[in-house]
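Q: Sequence first, predicted model second:
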Amino acid sequence: MVKDYFSLRMRATKEQQHISGAERIITAARIESAAAKLIRRAREHAHGQADVINLTLELLENEITEISSLPIRTIKQDDYRLARDEVKDLLVQLGINKQATSKAINLLAKGANPKGENMRGAVIMELTSANRLEGDQFRGVRASRMDYSGEAKERLLKLLEDNELNRTHIPEALALASKVVAHRQIVAELCWSDDPDYTGGYVANQELGYCRFPFLKPEGLGRGGRVFFVQPGLDLSELVDYLEQKPVLVTQLNPNIKEYQTITEVITNAELG
Ligand code: PML
């Protein structure tokens, strides 16, 4: 019998400010326990206890695409300014125009919405012209409906623990990045956390993997977000539908996890996959 899958999404606010969000793809048997965990997470968030928690539970009508996670590469640069230079080099190597790389970094540093605040979703940037394509520059495009199978998640948590890596931010960021760059017209994603207590970020690319930088912004700063770099001439509505609606489950864990000093080392060592 084919099982039904559900998308369960949580969003929590405190005094109308977003403090926590998470999502799961689960079978009917796990709905109650997953909902309880998400509520606990919103109520015990480091940024305060939520006063409004929205839970959305939805039967998935679309077929679920199964993918593998990207390999994890940590670039050990602890000066965020030099790390941003590494990010620029990496993006240029991936074929992204220099102007687009600087524009993307400036947007995330200053707040990418027209008021200079964080966006809930991502900027979609055309990689040659540096034009922004997202229809709503306040909201952006939110990648959604992605998760791990139970087994892949368990293996990932063990891998992160064995490598002394963060187990709260990385799993969700890795699932999202793996979904995003699985789209053939997204060449790379740039992200750094908008959580003031977390300085990490990454560039993801299908060939190079999830290239993470533990320091991409100064401590205590709440500006961050995501930019998806796309090929010119793409079908924007198909892309947005993929990112927001198509369910993707990471069922295969790529166990390749390594540390590097520079991004050049990642590129030249690229015994990829
Ligand atoms: C976020 O969810 O706040 C973004 C997390 C980025 C994780 C970067 C890392 O790999 O440490």
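A: Arrived safely, thanks for sending. Only a predicted model underlies this, so the values are computations on that prediction, with no experimental measurement involved. Numbering: from 1, shown residues only.

Q: burial of the closest residue to Gly116 other than its chain neighbours, as a residue count?
A: Distances taken as CB to CB, 6 or more residues apart in numbering place Lys110 nearest to Gly116, at 5.6 Å, with adjacent residues excluded. Just so you know, the C-beta spots here come from the backbone N, C-alpha and C atoms, and that holds for glycine as well. For Lys110, the count of nearby residues is 11 (other CB atoms under 10 Å).

Q: From the ligand, how far out is Lys110?
A: Distance, Lys110 to the ligand, by CB to the nearest ligand atom, to the nearest Å: 17 Å.

Q: Then Leu160?
A: 10 Å.

Q: Isn't Arg9 up against Leu55?
A: Yes - assessed by CB atoms under 8 Å, Arg9 is found in contact with Leu55 at 7.2 Å.

Q: Looking at those two, which one has more neighbours?
A: The residue with more neighbours, out of Arg9 and Leu55, is Arg9; 17 against 14, by other CB under 10 Å.

Q: Does the helix or strand containing that one pack against any helices or strands, and if so which?
A: Here Arg9, judged by DSSP states H and E, is contained in strand 5-14. Other helices and strands packing on strand 5-14, by 3 or more CB pairs under 8 Å, 6 or more residues apart in numbering; DSSP states H and E, are strand 17-27, helix 31-43, strand 52-59.

Q: most packed of these?
A: Among those, the stretch with the highest mean neighbour count (mean count of other CB atoms under 10 Å) is strand 17-27, at a mean of 18.

Q: pLDDT below threshold where in the stretch 1-150 of the chain?
A: The model of the stretch 1-150 of the chain has pLDDT under 70 over residues 1-2.

Q: what do you get if the cut-off is 80, keeping everything else the same?
A: 1-2, 45-48 (pLDDT under 80).

Q: how about Ala122, what does it touch?
A: For Ala122, the contact set (CB atoms under 8 Å, 6 or more residues apart in numbering) comprises Glu134, Gly140, Val141, Arg142, Ala143, Glu189, Gly225, Arg226, Val227, Phe228, Leu243.

Q: Could you find the closest non-adjacent residue to the fourth one?
A: If the residues on either side of it in the chain are set aside, Arg142 comes closest to Gly121, at 3.8 Å by CB to CB, 6+ apart.

Q: and what of the third one?
A: Of all residues beyond its chain neighbours, the one nearest Val141 is Gly121 (4.7 Å), with distances taken as CB to CB, 6+ apart.

Q: same check, this time on the first one
A: Excluding its sequence neighbours, the residue lying closest to Glu134 (CB to CB, 6+ apart) is Ile124, at 4.6 Å.

Q: The second one now?
A: In this structure, Gly140 finds its nearest non-sequential neighbour in Gly121, 3.0 Å apart by CB to CB, 6+ apart.

Q: Contacts only, for the one you found.
A: Applying CB under 8 Å, 6+ apart, the residues near Gly121 are Glu134, Arg139, Gly140, Val141, Arg142, Ala143, Arg226.
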